[in-house]
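In: sequence first, then the predicted structure:
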Amino acid sequence: MTIRKVGVVGAGTMGQGIAEMLAFKGLDVELVERSPEQAQQSLQQIANSLDKQIEKWALTQAEKKLVLSRIRPVDMLSGLEECEIVIETITEDLDLKKTIFEELDRSCNPDVILASNTSTLSLTELASVTAHPERVIGMHFVYPVIKTNLVEIVRGLKTSDTTFGKTKHFVEQVIEKKGVMVFESPGFVTTRLICLFINEALHVLEEGVASAEDIDSAMRIGYSFQNGPFEMADRFGLDAVLAALERMFREYGELKYRPSIVLKKMVRAGHLGVKTGGGFFKYDKDGDRA
């Protein structure tokens, strides 16, 4: 299977990371945002990400230009008709995602793979609004997309073996990441486990056992985590962590998924992590610890 062009719907943090990674792998990317202004802003943020790599001698100016030349912003889903795969990366809003999948089903070729980057929502429910539910699948990338060598390939109830096989080939042979097969379940594997880890760290903080800095240090140094639970939460977005925990709490009905009150207070106060410049820690405009 030859894949040359991929559509990415939604150019937020994850959409930008996925688009950058795909272009770096030599694929043409159609990046969909709500307006031309938002699309250009997202392209600028991708350029800033590439500049950081240049500063670390991981990329050249010529490579940056080549990557950016492969990303084309579009503001209509109908502009994705030539794509072999479309990856939806918008916010975790089920109704909005269903609307997008319904339109993609109408405007894309009947053999295109429609993938969602959702971390908690039902692929089966997303597929139910399409005429071809067998071609809908989950492709859950882990932040940061460029550095993390993992994709959860999530099968919905009606996902076909052909769709799964093509997606696995794309993940492992085209973009060269490790694909893990997951059957549909709220939170899948990575989100379910990491959110519980973060939530338990929040309870430890609430109880006054240790500070956020010391809890992060203990897990980072003692267990070789790249980031501790609080910096992880800041980088994921505290609102995203809260939304994931609340959805899993509703779906499973188990108290272990009930979000910490500290997390709720932080979100209500607007301290969402890196994207707002501060959560449990402070960050500069480049997302580095201040």
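Out: Ah, there it is. All values reported here derive from a predicted model rather than from experimental measurement. Numbers count the residues shown, from 1 in each chain.
In: next, the buried residues of stretch 93-108.
Out: Lys97, Lys98, Ile100, Phe101, Glu102, Glu103, Leu104, Asp105, Cys108 (16 or more other C-beta atoms under 10 Å). (Glycine included, C-beta is placed from N, CA and C.)
In: same question, stretch 80-88
Out: Neighbour counts over stretch 80-88 (16+ other C-beta under 10 Å) mark Leu80, Cys83, Glu84, Ile85, Val86, Ile87, Glu88 as buried.
In: sort out for me which of those residues are in strands.
Out: Judged by DSSP state E, strands contain the following of the buried residues of stretch 80-88: Ile85, Val86, Ile87, Glu88.
In: TSV for the residues you listed, including pLDDT and distance to Gly277?
Out: Formatted as TSV, those follow (pLDDT from 0 to 100; distance: C-beta to C-beta, whole Å):
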residue	pLDDT	distance to Gly277
Ile85	97	35
Val86	97	33
Ile87	98	28
Glu88	97	28
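In: biggest separation within the residues you listed, which pair?
Out: Farthest-apart pair in those is Ile85 and Glu88; separation 10.9 Å (C-beta to C-beta).
In: what's the overlap in contacts for those two?
Out: Common neighbours of Ile85 and Glu88 (criterion: C-beta atoms under 8 Å, 6 or more residues apart in numbering): Ala115.
In: list the buried ones in stretch 172-183?
Out: Val174, Ile175, Lys177, Gly179, Val182.
In: related to what we said a few turns ago, any chance of the ones in strands among the buried residues of stretch 80-88 in JSON lines, with distance to Val74 too?
Out: Below are these laid out as JSON lines (distance: C-beta to C-beta, whole Å):
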{"residue": "Ile85", "distance to Val74": "15"}
{"residue": "Val86", "distance to Val74": "12"}
{"residue": "Ile87", "distance to Val74": "14"}
{"residue": "Glu88", "distance to Val74": "14"}
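In: closest to Phe141 among the residues you listed?
Out: Ile87 (8.4 Å).
In: so what's the closest one bridging to?
Out: Beta-bridge partners recorded for Ile87 (DSSP bridges): Val8, Ala115.
In: please report how far it lies from Asp284.
Out: Per C-beta to C-beta, to the nearest Å, Ile87 is found 30 Å from Asp284.
In: same thing with Thr2?
Out: 42 Å.
In: so for the two, which sits in the more crowded spot?
Out: Each of Thr2 and Asp284 has its neighbours counted (other C-beta atoms under 10 Å); Asp284 has more, 10 against 5.
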